[in-house]
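Engineer: predicted model follows, preceded by the sequence.
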Amino acid sequence: MKCTFDYVSEINNAFNSFSKEMKFITYYKSSKHTTYKNELEQLKKLGDNAWSSHTIFFKDIIKNTDNKALELLELEFEDIKKYLKVQLNRDYQMLLASAYEFFQKFIDELYAILGFYKPSIWNEKGNSKCIYKKDYSDINDIRNLIKFEDKRKIMTYDQLNDIRTFLPKIKVYEEKDSNYLFMIVLISQLRHNIIHNNGYVDRYKIKEKIYKELKDKLSYSICLDRDEEYTSIINQFFGINEYSNMICLTEIYKTKIRYVDRFQSILLYDLISYANLLKQLTIDNLLIKSE
């Protein structure tokens, strides 16, 4: 054990860095929402003339004519409003992808710190077993390895599994409320489809992938027992009709003053809560072992 290394401070620093990024994301999300509301107010003032107030010019290369106006079909107020909402949703999608990537970065750091403390935590799967046999004297060597060389060899969920084996108490919380782990897997799947499928995916396929991943961490029977609840949770992140396969993260308005903030009050809330659980249990475990 490297006694000169302050594991607790390093873990707190990693979580504080993650927390700061979450704060920036919520700030940016709020500014996007404010901009959207201001645009709607402006639209209401212009009414159906809103579309004609924006003219696009281009160059006709064949005729060598500059500043030719682009001929566009007229759109009504509701069409423009719908377009703005879709663009706001796309902004939220990208912010969620960023949030999960910062969570991945936190997991990378926690994985490096724990591996430096106890190299046996590194799960010897595939090519990773050759890389982690070396006895590192500097944690920065491990950080660089995980960040640059090893990303294709060990995935975040593998790292998370290895960390969870170091934290036997975590199962107590996960079994008490299996939604913790379910939400992390759901967010990872949402992020994957936001990045690789432009935010569209069949909700039934995403449920199958979530259950497949959860059965190794919890049990498949838990997924089946809570299928109705899990299906309901998944459905609230998708639209209806033409948007039934689109990942929808914008606010759901129940009334003019009451709404559900799917992005911040559910997804970010659970992501930060689980990261904090990992931080607290890891520190507690290290402190117990050092006594």
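Structural biologist: Nice, thanks for sending it over.
Engineer: can you give me the strands in the chain?
Structural biologist: 57-60, 65-69, 252-253, 259-260 (DSSP state E).
Engineer: ok, which of the ones you listed comes nearest Asn12?
Structural biologist: strand 259-260 (32.5 Å; Cβ to Cβ). In this view, the C-beta of every residue, glycine as well, is placed from N, C-alpha and C.
Engineer: now the helices for the stretch 1-150 of the chain?
Structural biologist: 7-46, 77-117, 128-131, 139-144 (DSSP state H, counting those that start in this stretch).
Engineer: out of the strands of the chain, deepest packed?
Structural biologist: strand 259-260 (a mean of 12; mean count of other Cβ atoms under 10 Å).
Engineer: the strands of the chain: lowest mean pLDDT?
Structural biologist: Of all these, mean pLDDT reaches its minimum on strand 259-260 (a mean of 74).
Engineer: about what we covered before: point out the most buried one among the helices of the stretch 1-150 of the chain.
Structural biologist: helix 77-117 (a mean of 19).
Engineer: now that helix: average pLDDT?
Structural biologist: 90.
Engineer: quick one: it to helix 7-46, angle?
Structural biologist: 180 degrees (axes from the mean of the first three to the mean of the last three Cα atoms, to 10 degrees).
Engineer: what helices and strands are in contact with helix 77-117?
Structural biologist: helix 7-46, helix 139-144, helix 156-166, helix 179-196, helix 269-290 (3 or more Cβ pairs under 8 Å, 6 or more residues apart in numbering; DSSP states H and E).
Engineer: any idea which of those helices scores lowest on pLDDT?
Structural biologist: When I compare the helices and strands packed on helix 77-117, helix 139-144 is least confident, with a mean of 63.
Engineer: residues in contact with the residue nearest the centre of the chain?
Structural biologist: Nearest to the mean C-alpha position of the chain, counting by Cα atoms, centre = their mean, stands Tyr100 at 2.9 Å. By Cβ atoms under 8 Å, 6 or more residues apart in numbering, the residues touching Tyr100 are 187-188, 190-191, 271.
Engineer: can you redo these as CSV with distance to Tyr157?
Structural biologist: Formatted as CSV, these follow (distance: Cβ to Cβ, whole Å):
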residue, distance to Tyr157
Ile187, 12
Ser188, 7
Leu190, 14
Arg191, 12
Leu271, 14
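Engineer: want to throw the residues you listed into CSV with neighbour count and distance to Gln264?
Structural biologist: Converted to CSV, these look like this (neighbours: other Cβ atoms under 10 Å; distance: Cβ to Cβ, whole Å):
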residue, neighbour count, distance to Gln264
Ile187, 22, 13
Ser188, 20, 18
Leu190, 22, 14
Arg191, 22, 16
Leu271, 22, 10
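Engineer: and of those residues, the nearest to Lys169?
Structural biologist: Nearest member of the contacts of Tyr100 to Lys169, counting by Cβ to Cβ, is Leu271, at 20.3 Å.
Engineer: any idea how far the closest one is from Gln87?
Structural biologist: Using Cβ to Cβ, to the nearest Å, Leu271 is found at 24 Å from Gln87.
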